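Participant: Need coordinates for the below:
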Amino acid sequence: MDMARCGFDCIVIGAGSAGCVLANRLSADPAVSVLLIEAGGRDWNPLLRVPIMTGLFLRSRLHNWSYRTEPEPELAGRRLAWPRGRVLGGSSAINGMVYTRGTPLDYDSWAQAGLPGWSFDRVLPFFKRAEDHHAGADGLHGAGGPLAVGRPVLESPLGDAFVAAGAAAGFPRTGDFNGPEQEGFGRYDFNIAGGRRRSSASAYLDPARRRPNLTIVTGAQVARIAIESGRARAVELVRRGRTERIEALREIVLCGGTVNSPVLLMHSGIGDPDQLHRHGIAVAAPLTGVGRNLRDHLLVRVSYECRQSITLHNLMRADRAALAVMRALLFGTGPAARFPLEAGAFLKSDPALSQPDLQSHFLPGLSTAALRLPFLAPPSAGQAGAGHGGHGFFANIYPLRPASRGTIELASSDPLAAPHIRPRYLSDPADRALTRRAIRILREIFARAPFDPYRGAEIMPGAAVQTDRDLDAWISHNADTVFHPVGTCRMGTGPDAVVDGELRVHGIAGLRVADASIMPAITSGNTNAPTVMIAEKAAAMMIGE
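Facilitator: Here you go, the predicted model:
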């Protein structure tokens, strides 16, 4: 097919968590021609299906944009790794697969800020439409949708100890983090079915790949959206070293994610005029909010040596790891067929709060940065847990709704160049204070009786780190992203908004953004499930439902 000559009714840019949803839903009408463009490759690598391989893909350049932040002033000038998926399925192909939707108040606050179509009761049907929930359909969950939402068996006694220790510390338990009450200790749901990852590509794209009206192009990076007379007319993409122009007959939907969506808008002349002028880019729409309002979750880990040989370290010998991966590939069973962040919690730092303000994930091993994963760097000093043969455990924790905001900015006029990512973590002092409090809460939990048979010495932060000053210094040198960036093409009204309530770019016809970048504020939990919901709702609006 000569794509440049025929054009397409709808062009979807980015085949990630949102783009695969749009490609499926829009191409369900055989009269609508859809082009899906992905900068990465096909998702043929069988290891993408193995849940435990998340640790490998997040740390390697394989299927990964491998972005890095600029030096962060409040993090001792460190540059943090920002993995983003570069493959069909996007970040849903390499992430931790945890399925959390956030709280109803997250979405009701969007509605109260002038977006009535995004209240919880208006978005819940789109969560349910996406889901094939392990417990079946009810008022809060869907069944029969494309995206499997499973609950693996919690096999580690350490995970049981974490939930029991939370209860012993006076916190509630919850049977469902996406149920009527988010607060408490419990078990996570995952996008895993039959021991295999369910990315947006496998869930949404696989059933649609053979449709004659859907064309999927990989290895092609869109350099610019052509804006003519106030309308998005075409995309200009680079493939095999050549630039091609493809016409959009109806609409273009940008699903590049929190980093790539604002970058592409700016290279297309949509953004802050001062920044565009610095790079010699003509202004098509002066939207100063493009690339601003960047939010992310910044975590810390509290880890201990384990006195019993019952942790993930048992898998980290090359022969055992290979056997576990082969078992997962062939049969969808065994320890590699699940992701070990099975237990966790949503907590209130103060009982007087109306909703949780902290989230935690527990892992019955040390951080993947300290595990002896084949082909990757050896454990870092201070994390190996050498006193007990490498056996240890940790929980991460982070503020759910950080006040700090950052930016995505162009580095040059080259559309293929990586941007400047400046999250400005901890720039609001309230985030640092809450992070200190979070560390102390985790220490209190790990000190409880359910961990007495397992708890060894504290590895991080370490028993000597106690005062506010010492904790602040440790946080600056050790805090890390949990890979939940949102907000850089904010939905709403006012001078800093980029898209309206129907995700249409202000001032430009025929162009929408549908991904995590449109969130006005970060949701209270992992962000992939809300991203899928956004895409489901965007498709419904485009179809006219």
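Participant: Mind giving me the packing neighbours of the longest strand along the chain?
Facilitator: What stands out as the longest strand in the chain, according to DSSP state E, is strand 242-254. Contacts defined by 3 or more CB pairs under 8 Å, 6 or more residues apart in numbering; DSSP states H and E place strand 242-254 against helix 3-6, strand 8-13, strand 220-228, strand 231-239, helix 257-267, strand 511-513, helix 528-543. In short, each C-beta sits where N, CA and C put it, glycine included.
Participant: Buried ones in that strand, by neighbour count?
Facilitator: By neighbour count, and taking 16 or more other CB atoms under 10 Å as the criterion, the buried residues in strand 242-254 are 244, 246-248, 251-254.
Participant: ok, which stretches of the stretch 301-450 of the chain are strands?
Facilitator: Counting by DSSP state E, counting those that start in this stretch, residue ranges of the strands within the stretch 301-450 of the chain are 343-347, 358-363, 392-399, 407-409, 420-422.
Participant: mind listing what the fourth one pairs with, with the direction of each?
Facilitator: Here strand 407-409 is paired, per DSSP bridges, with strand 420-422 (antiparallel).
Participant: Save the strands of the stretch 301-450 of the chain as JSON lines, and put in mean pLDDT too.
Facilitator: Written out in JSON lines, the entries for those read as follows (pLDDT from 0 to 100):
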{"stretch": "strand 343-347", "mean pLDDT": "97"}
{"stretch": "strand 358-363", "mean pLDDT": "97"}
{"stretch": "strand 392-399", "mean pLDDT": "97"}
{"stretch": "strand 407-409", "mean pLDDT": "98"}
{"stretch": "strand 420-422", "mean pLDDT": "98"}
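Participant: With mean neighbour count and distance to G139 as added columns, please give those in a markdown table.
Facilitator: Listed next are those as a markdown table, based on neighbours: other CB atoms under 10 Å; distance: least, CB to CB, whole Å:
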| stretch | mean neighbour count | distance to G139 |
| --- | --- | --- |
| strand 343-347 | 26 | 20 |
| strand 358-363 | 26 | 24 |
| strand 392-399 | 26 | 30 |
| strand 407-409 | 23 | 38 |
| strand 420-422 | 20 | 40 |
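Participant: wait, which of these is closest to G334?
Facilitator: Checking the strands of the stretch 301-450 of the chain against G334 by CB to CB gives strand 358-363 as the closest, at 17.4 Å.
Participant: quick one: the helices in the protein?
Facilitator: When assigned using DSSP state H, the helices of the chain occupy the ranges 3-6, 19-27, 54-59, 104-112, 120-130, 157-168, 200, 257-267, 273-278, 318-331, 429-446, 468-478, 528-543.
Participant: just to revisit the earlier point, ok, which of the helices and strands packed on strand 242-254 comes nearest A345?
Facilitator: Between A345 and these, the shortest gap by CB to CB is with helix 528-543, which sits at 17.8 Å.
Participant: Next, the angle from that closest one to helix 120-130.
Facilitator: Here the directions of helix 528-543 and helix 120-130 differ by 90 degrees (axes from the mean of the first three to the mean of the last three CA atoms, to 10 degrees).
Participant: tell me the mean pLDDT for helix 528-543?
Facilitator: When the per-residue pLDDT values of helix 528-543 are averaged, the result is 98.
Participant: returning to that earlier point: would you turn the strands of the stretch 301-450 of the chain into JSON lines with distance to K537?
Facilitator: Conversion of these to JSON lines gives the following (distance: least, CB to CB, whole Å):
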{"stretch": "strand 343-347", "distance to K537": "24"}
{"stretch": "strand 358-363", "distance to K537": "24"}
{"stretch": "strand 392-399", "distance to K537": "27"}
{"stretch": "strand 407-409", "distance to K537": "24"}
{"stretch": "strand 420-422", "distance to K537": "27"}
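Participant: between the ones you listed, which gets nearest to G289?
Facilitator: Ranked by CB to CB, the member of these that lies closest to G289 is strand 407-409, at 10.3 Å.
Participant: now the helices and strands packed on strand 242-254 as a markdown table including mean neighbour count and distance to A322?
Facilitator: Supplementary listing: those in a markdown table, determined by neighbours: other CB under 10 Å; distance: least, CB to CB, whole Å:
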| stretch | mean neighbour count | distance to A322 |
| --- | --- | --- |
| helix 3-6 | 12 | 42 |
| strand 8-13 | 25 | 38 |
| strand 220-228 | 19 | 34 |
| strand 231-239 | 19 | 36 |
| helix 257-267 | 26 | 33 |
| strand 511-513 | 26 | 42 |
| helix 528-543 | 24 | 29 |
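Participant: wait, which of the ones you listed is closest to I421?
Facilitator: Distances from I421 to each of these were compared by CB to CB, and the smallest falls on helix 257-267, at 6.7 Å.
Participant: helices or strands up against the closest one?
Facilitator: Other elements packing on helix 257-267 under the criterion 3+ CB pairs under 8 Å, 6+ apart are strand 220-228, strand 242-254, strand 407-409.
Participant: closest to M266 out of these?
Facilitator: Shortest separation from M266 across the helices and strands packed on helix 257-267 is recorded for strand 407-409, at 8.3 Å, computed as CB to CB.
Participant: remind me which residues of this structure are low pLDDT?
Facilitator: For the chain, the stretches flagged by pLDDT under 70 are 1-5, 154, 367-389.
Participant: if we go to 80?
Facilitator: 1-6, 153-155, 316-318, 367-389, 545 (pLDDT under 80).
Participant: residue nearest the centroid of it?
Facilitator: With distances taken as CA atoms, centre = their mean, H484 lies nearest the centre of the chain, 4.4 Å away.
Participant: do you know how far that residue is from V21?
Facilitator: Taking CB to CB, to the nearest Å as the measure, H484 falls 19 Å from V21.
Participant: Quick one: distance of stretch 325-339 to the chain centre.
Facilitator: Remark: stretch 325-339 is offset 23 Å from the chain centroid, using CA atoms, centre = their mean, to the nearest Å.
Participant: Give me the buried positions along stretch 126-137.
Facilitator: If you call a residue buried by 16+ other CB under 10 Å, then stretch 126-137 has these buried ones: 126-134.
Participant: ok, now how distant is the residue nearest to K128 when sequence neighbours are not counted from A535?
Facilitator: Setting aside the residues directly before and after it, K128 is nearest to G142 in space (CB to CB, 6 or more residues apart in numbering), at 3.1 Å. According to CB to CB, G142 and A535 sit 15 Å apart.
Participant: can you check R68 too?
Facilitator: Relative to A535, and taking CB to CB, R68 is found at 27 Å.
Participant: sorry, back to before: got a list of what the residue nearest to K128 touches?
Facilitator: Neighbour list for G142: 127-133 [criterion: CB atoms under 8 Å, 6 or more residues apart in numbering].
Participant: Let me have these in CSV, extended by distance to L366.
Facilitator: Formatted as CSV, the contacts of G142 follow (distance: CB to CB, whole Å):
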residue, distance to L366
F127, 34
K128, 37
R129, 39
A130, 34
E131, 33
D132, 33
H133, 32
